[in-house]
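Student: okay, predicted coordinates and the sequence, questions at the end:
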Amino acid sequence: MKSPTRFSSIFGAVIALTVALIPAFALAYDPAQPGHSGFTVTPPTGQYLMSFHTCVADCDGKPDNHSIRLAESSDGVSWTQLAGWQAYRGSVPDLFRRGDTVYITGAGISKIDVKTGKVTAHSFSATKANGTDAMPRDICFVGQMEDGRLIIAYVPPMSETANASQFKVSYAIEKVGSDGTAYIYGGDLITIEKSALPVIGEPTDPDVFFNGSQWVLYVSLGANVVSYTSASMTGPFINASQVLVANNAGGVPAGLRLADGSGVMTFVNTTPMNGATTVRRAISTSGISAIATSAFTSVVSGSTYASLSAESPGLASNNQGIACSATCSGVSATTSTIATSSATTSAPTKSITCVKGKITKKYLATKCPAGFKKK
């Protein structure tokens, strides 16, 4: 879901800047391209899924050194990596399940078949309305259209936000027939005035979730989290609803409503002074009130994965969601069936003459009835 540093932003943001300007942060991989050649895992059965990345060495602002991982949990507290998961190079992942497929961002799009456990890798694209590359940063899944199409949120590339007084969080809708790999700009979720922010920073790392009564947008301001609310998944999110949810308690947020509806889990990653970055969690009623720093407890650490850090959490419920309909997939089974049927049962357009003894008759058919012979 989001980036612990601005240089871990993905899908073209870093590539857009020249190596001459920031040679230390040039990416050796293309984050829009597949991150692996495929592998197989034990299909997830936990109630919740989490994507995140770990880093073994030289982690600060070096997405080349990040590895994407996937874990599951039955309670949101204890997390276990999927059996068979092969960590691959990528950064700032998020995930969403639709039907029998789990989609994961961070290095192209990876797909997990939850029936077979097969993991495949695919390229990713997001375009503006005019067809040019949107160069999205800090991508997260928002939800689904009524026909099952996926929606993502993101912030613009750094080249568009340098010295800006306003910051936009935009959304894009899955391109019909792309199966989660291509998206087209749909609009802006919110435009945030820099002067109205409660702390200094650039809003990044968006996350959108439903808290049971309204839609919530989280953005990260360094080690802080700010929330905004809306009646609609695609906004507009209201600036006046702004709340400083986490004050120096951690950034790169992710929110998810508990399966029983009793509250909201808010996850952040926190780097203590001279310490390793970990993913921490707190519970609140709605996810849009101030949460005390002491309420956050560590749930995922890098040491579990022989790494220095674990960060950038992305969350999803492990349920099927809305099926991808014909207007989502671009394939109509009904149309296909009708076309096939018409080709094999269409009525003849020419008559034939049939004879039986002294009886001669004409039939609009391709062959004569029983007892008759074609003349």
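Tutor: Received, thanks.

Student: hey, let's count contacts and neighbours off CA atoms from now on
Tutor: Noted.

Student: what residues go with each domain of this protein?
Tutor: Using automatic domain parsing, the domain ranges for the chain come out as 6-328, 343-374.

Student: how far out from the middle of the chain is the longest one?
Tutor: Mean C-alpha position of domain 6-328 versus that of the full chain (CA atoms, centre = their mean, to the nearest Å) differs by 7 Å.

Student: state the mean pLDDT of that domain.
Tutor: Averaged across domain 6-328, pLDDT comes to 91.

Student: cool, and stretch 368-375?
Tutor: In the prediction, stretch 368-375 has an average pLDDT of 71.

Student: that stretch spans what distance, first to last residue?
Tutor: This stretch, stretch 368-375, spans 9 Å end to end (CA to CA, to the nearest Å).

Student: may I ask which helix or strand encompasses the nearest residue to residue 146 once chain neighbours are set aside?
Tutor: Residue nearest to residue 146 in three dimensions, not counting chain neighbours: residue 322, with 7.4 Å by CA to CA, 6 or more residues apart in numbering. For residue 322, there is no helix or strand it lies in under DSSP states H and E.

Student: ok, residue 322 to residue 100 distance?
Tutor: 11 Å.

Student: what do you get for residue 302?
Tutor: 29 Å.

Student: contacts for stretch 206-218, please.
Tutor: For stretch 206-218, contacts defined as CA atoms under 8 Å, 6 or more residues apart in numbering pick out 1-2, 138-143, 153-155, 169, 205, 219-220, 225-233, 237, 252-257, 261, 263-264, 286-288.

Student: over to stretch 43-50?
Tutor: 70-76, 82, 94-95, 113-117, 259, 313-319.

Student: in ChimeraX, how would I select the buried members of those?
Tutor: Buried residues within the contacts of stretch 43-50, by 16 or more other CA atoms under 10 Å, are selected in ChimeraX with:
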select :70,71,72,73,76,82,94,95,113,114,117,313,314,315,316,317,318,319
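
Student: restricted to strands, list the contacts of stretch 43-50.
Tutor: 70-73, 95, 113, 313-317 (DSSP state E).

Student: report the two of those residues separated the most.
Tutor: 113 and 313 (21.3 Å; CA to CA).

Student: so for stretch 215-233, first residue to last residue, what's the gap.
Tutor: 6 Å.

Student: burial count for residue 67?
Tutor: 24 (other CA atoms under 10 Å).

Student: show me what contacts the closest residue to it other than its chain neighbours?
Tutor: Excluding the flanking residues, the one nearest residue 67 by CA to CA, 6+ apart is residue 89, at 4.5 Å. By CA under 8 Å, 6+ apart, the residues touching residue 89 are 35, 64-68, 107.

Student: again, 10 Å this time
Tutor: Listed by CA atoms under 10 Å, 6 or more residues apart in numbering, the contact set of residue 89 reads 29, 31, 34-36, 53-55, 63-69, 106-107.

Student: buried ones only from those residues, please, as a ChimeraX command.
Tutor: To isolate the buried members of the contacts of residue 89 in ChimeraX, using 16+ other CA under 10 Å:
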select :31,34,35,36,53,54,55,63,64,65,66,67,68,69,106,107
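
Student: out of the contacts of residue 89, which are inside strands?
Tutor: Among those, the members falling in strands (DSSP E) are 53-55, 66-69.

Student: which residues sit in contact with residue 286?
Tutor: 210-214, 216, 255-257, 261-266.

Student: rewinding a little: quick one, what contacts the residue nearest to residue 146?
Tutor: Here residue 322 is in contact with 97-99, 143-150 (CA under 10 Å, 6+ apart).

Student: and for residue 172?
Tutor: By CA under 10 Å, 6+ apart, the neighbours of residue 172 are 126-129, 134, 136, 141-142, 150-154, 182-188, 234.

Student: strands - which of the residues you listed land there?
Tutor: 126-127, 141-142, 150-154, 182-188.

Student: now compare those residues and name the two farthest from each other.
Tutor: 182 and 188 (17.9 Å).

Student: could you dump the ones in strands among the contacts of stretch 43-50 into CSV and include distance to residue 292?
Tutor: CSV is the format used below for the ones in strands among the contacts of stretch 43-50 (distance: CA to CA, whole Å):
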residue, distance to residue 292
70, 28
71, 26
72, 26
73, 24
95, 27
113, 39
313, 19
314, 21
315, 21
316, 24
317, 25
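
Student: can you mark which positions in the one helix or strand residue 226 maps to are buried?
Tutor: Assigned by DSSP H and E, residue 226 belongs to strand 224-230. Applying a neighbour-count criterion of 16+ other CA under 10 Å, one finds 224-230 buried in strand 224-230.

Student: so can I have JSON lines of those showing distance to residue 201?
Tutor: Putting the buried residues of strand 224-230 into JSON lines (distance: CA to CA, whole Å) gives the following:
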{"residue": "224", "distance to residue 201": "9"}
{"residue": "225", "distance to residue 201": "11"}
{"residue": "226", "distance to residue 201": "11"}
{"residue": "227", "distance to residue 201": "14"}
{"residue": "228", "distance to residue 201": "16"}
{"residue": "229", "distance to residue 201": "20"}
{"residue": "230", "distance to residue 201": "23"}
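
Student: which stretches of the stretch 151-300 of the chain form strands?
Tutor: Ranges of strands within the stretch 151-300 of the chain are 166-174, 182-193, 204-210, 215-221, 224-230, 238-246, 251-257, 264-270, 278-284, 297-301, based on DSSP state E, counting those that start in this stretch.

Student: which secondary structure elements does the second one sit against?
Tutor: Spelled out, that is strand 182-193. In terms of contacts (3 or more CA pairs under 10 Å, 6 or more residues apart in numbering; DSSP states H and E), strand 182-193 is packed against strand 125-127, strand 150-155, strand 166-174, strand 224-230, strand 238-246.

Student: quick check: residue 123 vs residue 180, distance?
Tutor: In terms of CA to CA, residue 123 sits 10 Å off from residue 180.
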